[in-house]
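J.: Test case, fold it:
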Amino acid sequence: MTGATLFERQMAVYATYHRDRRNRLTHFFGIPAIIVALLLALGLAHVELAGLELSLGVVVALAVYALWIVLDWPIGLAMGLFLLPALALTELLVGALLASTTWALFAILFVGGWALQLWGHVYEGRRPALVSNLFQALIGPMFLMAEIFFALGLRRDLHQRVEGIIAETYPDFAG
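T.: Model (predicted):
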């Protein structure tokens, strides 16, 4: 673990809570649903920054996107392939729907997303990682993107380092 980055250490923690493939699969649907739900809700509120009126969805999404890029720039940049279209879609929906409809859609996606994730953790036999560490809520989406990278044969170095941290620090979850 010596020399491991914050991202690698946090990825290792997250990975120990997500070893079961069925759990990971539920997260591939649950996490995006929760993100879209949050962007919908945040899109209803607006703030003025530097003379521009922006939704809180835009402000929060761009701040999180910047953090993801800082944590790991290749995976962070790739997160834009999901986040930016999701943000555009939610901004369009908020502008086109009644607030009550937006809140109903938020509730369906938010509750449904969490139900999927909790269902996945039944397979895993462990509680969600963010129960122990709220920062894991920001790592979860990156974990999914990293899983896509790994499946494509990309970022093998990162995969090996994360698995090495798990083997060294959390040997019960290695393999």
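J.: which residue sits farthest out from the middle of the chain?
T.: Going by CA atoms, centre = their mean, the residue of the chain most distant from its centre is Gly51, 30.4 Å out.
J.: Give me the most central residue, this structure.
T.: Pro141 (2.1 Å).
J.: That residue belongs to a helix?
T.: Yes. Under the criterion used here (DSSP: H, G, I helix; E, B strand; the rest coil), Pro141 sits inside a helix.
J.: So it is in contact with Met79, correct?
T.: Yes. Applying CB atoms under 8 Å, one finds Pro141 in contact with Met79, separated by 6.4 Å. No exception for glycine: its C-beta is placed from N, CA and C like everyone else's.
J.: follow-up on the earlier one: which residues does the residue nearest to the centre of the chain contact?
T.: Ile31, Pro32, Ile35, Trp68, Met79, Phe82 (CB atoms under 8 Å, 6 or more residues apart in numbering).
J.: what helix or strand is the fifth one on?
T.: It stands for Met79. helix 73-96 (DSSP states H and E).
J.: same question, the second one
T.: Secondary structure assignment for Pro32, by DSSP H and E: helix 21-43.
J.: Can you list the buried residues in stretch 43-55?
T.: Buried residues in stretch 43-55, defined by neighbour count with 16 or more other CB atoms under 10 Å: Gly43, Leu44, Ser55.
J.: Not counting it itself, show me its contacts.
T.: By CB under 8 Å, 6+ apart, stretch 43-55 touches Leu42, Leu56, Gly57, Val58, Val59, Thr90, Glu91, Leu93, Val94, Ala99, Thr102, Trp103.
J.: Kindly state the beta-bridge partners for the closest residue to the fifth one other than its chain neighbours.
T.: Just to be clear, that refers to Val59. Nearest non-adjacent residue to Val59, counting by CB to CB, 6 or more residues apart in numbering: Val47, 6.3 Å away. Applying DSSP bridges to Val47 yields these beta-bridge partners: Leu54.
J.: In stretch 145-162, which residues are buried?
T.: Met145, Ala146, Glu147, Phe149, Arg155, Leu158, His159, Arg161, Val162.
J.: Just checking the distance from whichever strand or helix holds the second one to the centre of its chain.
T.: Here Ala146 is covered by helix 136-151, with elements defined by DSSP H and E. On the basis of CA atoms, centre = their mean, to the nearest Å, helix 136-151 is displaced by 7 Å from the centre of the chain it belongs to.
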